[in-house]
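*Asks:* please work out how this folds:
(chains A and B)
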Amino acid sequence: MSGLTISNLTVTIGGVRVVDGVDLTVPAGGTLVLVGESGSGKSVTVRAALGLLGRRAAVTGTATFGGVDAARVRGRSIGLVAQDPTTALDPLRRVGAQIAEVLRHHRTGGDPVALLARAGVPDPARVARAYPHELSGGLRQRALIAVATACDPELVVADEATSALDPGAAERVLALLTRRSLLLVTHDVGVARRLGGARETVVAVMYAGRIVEQGPAAAVLSAPRHPYTRGLLAAEPAPGVPRGALPVIPGRPPEPGERPAAGCAFAPRCALARDVCLRARPEPAGGTHRAACHV
Amino acid sequence: MYSFVLRRVLLALPTLLGVTLVVFATIKLVPGDPVTSLLGPAATPEARRELVARLGLDDPVPLQYLTWLRHALTGDLGVSIARQRPVTEILAAALGNTLILAAAAFALAVAGGLALGAAGAAFPGRLPGRICDALATAAVSAPQYAVALVLVALAVGRLPTGGMHDAFAPGGAGDLLAHLVLPAIAAGLVPMGLIARTARTALADLLGGDLVEHLRARGLPGRVVLAHAAHNAVPSLLTIGGLQLAYLVEGAVFVETVFSWPGVGSALFQALSQRDLPVVEAGVLVVAVCFVGVNLLVDVAHAAVDPRVRA
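*Replies:* As a prediction, this is how the structure comes out:
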């Protein structure tokens, strides 16, 4: 099994640096949870890695999978499960035909009905004949998973794949996705906790286009080193805690165009910020559990 | 799908009935007395009374409507006052000519519109794309009568600018085509621009959207992704294309008048200026029926392409 390695990935769109020198590794057979707020650049990062950004985006850096450019093996060795199955499935083609099309183009054998069954679809024969709009949200998500994993990819990239589902359904979808190497993009840091410790799980926290903290899930969740990660974890709802009582990180993340040119992008919102945080940009430091913070 | 078609056809029937009611009521409301127009102001009261009875004008209005409807259904639309020929005969020839012109203009509009729209979407923000966008906007904005007159001025001596009398006359296909070129361009320009702009917007939205991104993520080759995108642009193109076809069949009155094309538009224009009410009445009816018919066809085509519409 191969893992996905992203090195020094930088994406500039319209003169604005949206993703800035990102290094990430999805462990073979394990999970990388990429956490960040909307606008942090996490979705752009995975799209750039898969070569899905259009001409308007300038991408530097590399994303390799088993020694080859990740963009060349997408659909075959890397499957993408998008956030919204309503827009990711072709509304004019039957679900089964969409799976068969993928199989045909990658010259892989396979039966769409069996693949739907593998994705946890009850009554897969009916779903194969159905158009996407005839399915419920949960079924549509499973159908999309069947399309994305039709060629039995070694790695699945899931962008907020569980965000729109109720907790039970999200649990079942996660169980399906963790059969392979998984890059899970989410704004919900709690997902990493719910994945459990059955296999190697890495958490990377993204803020303003950079990775601010990265390390084994257990370490990051129990002993976060970056103030932003601590803020995210503290703001996680828990049973018994009323909504108003949750500590909130003051301010809001900077838009890609208005990120500070020097210093730490989080410094303006950080209670621990010192002079150095405004002057010099912190670089990731530490062994397997790395954080980019002066404090 | 079959039940959808059946339902649409059944729904079209009340629409058509409503159309006949409106046409009949409009003619009743139009000022002017058909008896005076037929007999002249100097007619004797006896002659007037006799004609009123013969035309059924002393019957109650609902009965008059039913009689008129019965005749219309059997293809009897009365006799032209000005030309003393059956209206059906006059309109059948005119409708044939209009359909030829509409088909030519529509073919031009679809071919040109799709090409301009696809090029505009393929090169957004760059010179070829901007030129195509500008051409589409110009085509939509150009007033039809002005375009027609400019075409006439440019083509004098090279292409016939009028003189078409009967599309089915023994002039042969070459003669028909030569006469068809200018009016087809004049009538097709606005629909072409509208189709171009619709195609441009639909394709650009699709190419920058989630569906195309996901199709590419599936590792499908570029031409397959494009085929999906084009397929998904069809429903919105059918909507605008159907409207334009209906509008062309209605008879581009300006174009037919400028190029003296003997279509429904010309016939209606002539009948209106001569107060030839039976022809006006029947002409409006034919146009309205065509409009309903084209809409029905578009709805069925739409359902054939898009499963979401069939429900």
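*Asks:* could you list the low-pLDDT ranges of the chain?
*Replies:* As the question left the chain open, I've gone with chain A. Flagging of chain A using pLDDT under 70 yields the residue ranges A:1, A:164, A:196, A:243.
*Asks:* my question was about chain B, not that one.
*Replies:* Chain B contains residues with pLDDT under 70 at B:32, B:163-172, B:251, B:311.
*Asks:* for it, what lies in contact range of chain A?
*Replies:* With the criterion set to Cβ under 8 Å from any Cβ of the partner chain, chain B comes near chain A through B:208-211, B:213-221, B:224, B:228, B:231-232, B:305-308. No exception for glycine: its C-beta is placed from N, CA and C like everyone else's.
*Asks:* list the contacts for the residue nearest to A:Ile78 when sequence neighbours are not counted?
*Replies:* Using Cβ to Cβ, 6 or more residues apart in numbering or on different chains and skipping the chain neighbours, the partner closest in space to A:Ile78 is A:Leu155 (4.8 Å). Counting by Cβ atoms under 8 Å, 6 or more residues apart in numbering or on different chains, A:Leu155 touches A:2-4, A:26, A:65, A:77-79, A:180-183.
*Asks:* how about residues contacting stretch B:300-309?
*Replies:* By Cβ under 8 Å, 6+ apart, the residues outside stretch B:300-309 that reach it are A:91-92, A:131, A:133-134, B:1, B:4-5, B:8, B:231, B:234-235, B:238-239, B:242, B:299, B:310.
*Asks:* now do the buried residues in that stretch.
*Replies:* Neighbour counts over stretch B:300-309 (16 or more other Cβ atoms under 10 Å in any protein chain shown) mark B:301-303, B:305-307 as buried.
*Asks:* so of the contacts of stretch B:300-309, which ones are in helices?
*Replies:* B:4-5, B:8, B:231, B:234-235, B:238-239, B:242, B:299, B:310 (DSSP state H).
*Asks:* of those residues, just the buried ones, ChimeraX syntax please.
*Replies:* In ChimeraX, a selection of the buried entries from the ones in helices among the contacts of stretch B:300-309 looks like this (16+ other Cβ under 10 Å):
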select /B:4,8,231,234,235,238,242,299
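*Asks:* for the ones in helices among the contacts of stretch B:300-309, which two are the farthest from each other?
*Replies:* B:Arg8 and B:His231 (22.3 Å; Cβ to Cβ).
*Asks:* with adjacent residues omitted, what lies nearest to A:Gly66?
*Replies:* In space, A:Gly66 is closest to A:Ser2, 3.3 Å off (Cβ to Cβ, 6+ apart).
*Asks:* okay, now the residue of the stretch 51-200 of chain A found nearest chain B: neighbour count?
*Replies:* The stretch 51-200 of chain A approaches chain B most closely through A:Gly75 (2.1 Å), counting by Cβ to the nearest Cβ. By other Cβ atoms under 10 Å in any protein chain shown, the residues close to A:Gly75 number 24.
*Asks:* and the residue nearest to it when sequence neighbours are not counted, helix, strand or coil?
*Replies:* Nearest residue to A:Gly75 in three dimensions, chain neighbours excluded: B:Gly219, at 2.1 Å (Cβ to Cβ, 6+ apart). Classification of B:Gly219 by DSSP: H, G, I helix; E, B strand; the rest coil places it in coil.
*Asks:* residues contacting residue 152?
*Replies:* Chain wasn't specified; assuming chain A. Applying Cβ under 8 Å, 6+ apart to A:Asp152 gives the contacts A:Thr108.
*Asks:* looking at chain B here, not the other one
*Replies:* Taking Cβ under 8 Å, 6+ apart, one finds B:161, B:182, B:258-259 in contact with B:Val152.
*Asks:* now do 7 Å
*Replies:* B:161, B:258 (Cβ atoms under 7 Å, 6 or more residues apart in numbering or on different chains).
*Asks:* in the helix or strand hosting it, what counts as buried?
*Replies:* Using DSSP states H and E, B:Val152 maps to helix B:144-155. By 16+ other Cβ under 10 Å, the buried positions in helix B:144-155 come out as B:144, B:147-148, B:151-152.
*Asks:* tabulate those (JSON lines), appending distance to B:Leu73.
*Replies:* JSON lines is the format used below for the buried residues of helix B:144-155 (distance: Cβ to Cβ, whole Å):
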{"residue": "B:Gln144", "distance to B:Leu73": "34"}
{"residue": "B:Val147", "distance to B:Leu73": "39"}
{"residue": "B:Ala148", "distance to B:Leu73": "37"}
{"residue": "B:Leu151", "distance to B:Leu73": "41"}
{"residue": "B:Val152", "distance to B:Leu73": "41"}
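*Asks:* nearest residue to the middle of the chain?
*Replies:* Went with chain A since none was named. A:Val185 (1.6 Å; Cα atoms, centre = their mean).
*Asks:* chain B, not that one
*Replies:* Geometric middle of chain B (Cα atoms, centre = their mean) lands on B:Val249, at 2.1 Å.
*Asks:* ramachandran coordinates for it?
*Replies:* phi -70, psi -30 (degrees, to the nearest 10).
*Asks:* looks like it contacts B:Val292 (just checking).
*Replies:* No: applying Cβ atoms under 7 Å as the test, B:Val249 and B:Val292 come out as separate, 10.9 Å apart.
*Asks:* can you show me the helices along chain A?
*Replies:* A:42-49, A:85-88, A:95-105, A:112-118, A:124-129, A:137-148, A:167-177, A:190-195, A:217-222, A:227-234, A:275-279.
*Asks:* reformat the ones you listed as TSV; add distance to chain B and mean neighbour count.
*Replies:* Below are the helices of chain A laid out as TSV (distance: least, Cβ to the nearest Cβ, whole Å; neighbours: other Cβ atoms under 10 Å in any protein chain shown):
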stretch	distance to chain B	mean neighbour count
helix A:42-49	7	25
helix A:85-88	4	21
helix A:95-105	5	20
helix A:112-118	13	21
helix A:124-129	11	19
helix A:137-148	7	25
helix A:167-177	15	16
helix A:190-195	21	19
helix A:217-222	26	18
helix A:227-234	27	20
helix A:275-279	37	14
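*Asks:* make a markdown table out of the ones you listed and add distance to A:Ala267.
*Replies:* Formatted as a markdown table, the helices of chain A follow (distance: least, Cβ to Cβ, whole Å):
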| stretch | distance to A:Ala267 |
| --- | --- |
| helix A:42-49 | 21 |
| helix A:85-88 | 37 |
| helix A:95-105 | 46 |
| helix A:112-118 | 48 |
| helix A:124-129 | 50 |
| helix A:137-148 | 39 |
| helix A:167-177 | 34 |
| helix A:190-195 | 25 |
| helix A:217-222 | 21 |
| helix A:227-234 | 10 |
| helix A:275-279 | 4 |
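*Asks:* minimum distance to B:Val61: which of those helices has it?
*Replies:* Nearest of the helices of chain A to B:Val61, taken as Cβ to Cβ: helix A:85-88 at 54.2 Å.
*Asks:* just checking, what packs against the closest one?
*Replies:* helix A:137-148, helix B:210-217 (3 or more Cβ pairs under 7 Å, 6 or more residues apart in numbering or on different chains; DSSP states H and E).
*Asks:* give me the neighbour count for the residue of chain B found nearest chain A.
*Replies:* Proximity of chain B to chain A (Cβ to the nearest Cβ) peaks at B:Gly219, 2.1 Å away. The local packing of B:Gly219 (other Cβ under 10 Å) involves 23 other residues.
*Asks:* that one and A:Gly66, how far apart?
*Replies:* 15 Å (Cβ to Cβ, to the nearest Å).
*Asks:* follow-up on the earlier one: surely the residue of the stretch 51-200 of chain A closest to chain B meets B:Ala217?
*Replies:* Yes: A:Gly75 lies in contact with B:Ala217 (Cβ under 7 Å); the separation is 6.4 Å.
*Asks:* which segments of chain A make up each domain?
*Replies:* A:4-77+A:153-291, A:79-152 (automatic domain parsing).
*Asks:* which one of the ones you listed lies nearest to B:Leu189?
*Replies:* Of the domains of chain A, nearest to B:Leu189 by Cβ to Cβ is domain A:79-152, at 30.9 Å.
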